[in-house]
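1. Sequence and predicted structure are below.
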Amino acid sequence: MKGVDYPALRRRVLMFYFAAGLNLLMGLYVMSAGSAVAERSTVWLISLVFLVFAGVNYYMARILAKRWDAHVRQQNATKQSPDGQAQQ
């Protein structure tokens with residue numbers, strides 16, 4: 001299994017944030033302009049789906065960032081010697 005490097009993880013997190021923003025915009029657009037095309041209940045359902053996906057994308061980006069931070073902290077902790085000095 002290939003390890004994940006920081007640039008790939010950063011790109012993935014940014015893609016999740018971009019998708020969250022896009023879903024949020026689409027949800028707001030459907031709420032504002034969708035009533036002219038479809039029933040009110042259908043518009044609310046479609047908007048809710050977009051907003052839920054925006055929340056999921058934002059959540060996934062946050063989880064990936066937190067896991068990477070935990071991974072970095074663990075790597076830094078294993079590089080420390082028992083007396084607190086960094087190993088060379």
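-> On my side now, so go ahead.
2. same question for the longest helix seen in the chain, mean pLDDT?
-> Taking DSSP state H as the assignment, the helix of the chain that covers the most residues is helix 40-79. For helix 40-79, mean pLDDT is 92.
3. which residues does the residue nearest the centre of the chain contact?
-> In the chain, the residue lying closest to the centroid (CA atoms, centre = their mean) is residue 61, at 1.9 Å. Applying CB atoms under 8 Å, 6 or more residues apart in numbering to residue 61 gives the contacts 13, 16, 17, 20. The way it works is simple: take the backbone N, C-alpha and C, and place the C-beta from them, glycine included.
4. Please identify the buried residues of the longest helix of the chain?
-> Using 16 or more other CB atoms under 10 Å as the test for burial, helix 40-79 gives 43, 46-47, 50-51, 53-54, 57-58, 60-61, 64-65, 68.
5. Including distance to residue 74, could the residues you listed go into CSV?
-> Below are the buried residues of helix 40-79 laid out as CSV (distance: CB to CB, whole Å):
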residue, distance to residue 74
43, 47
46, 42
47, 41
50, 37
51, 35
53, 31
54, 31
57, 26
58, 25
60, 21
61, 21
64, 16
65, 15
68, 11
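6. so which of the residues you listed comes closest to residue 24?
-> Using CB to CB, residue 54 comes nearest to residue 24 of those, at 4.3 Å.
7. Test my guess that residue 50 contacts residue 27.
-> Yes - applying CB atoms under 8 Å as the test, residue 50 and residue 27 come out as touching, 3.3 Å apart.
8. first to last residue in stretch 31-48, what's the distance?
-> One end of stretch 31-48 sits 9 Å from the other (CA to CA, to the nearest Å).
9. Taking the buried residues of helix 40-79 together, which two end up most distant?
-> The widest separation within the buried residues of helix 40-79 (CB to CB) is 38.1 Å, between 43 and 68.
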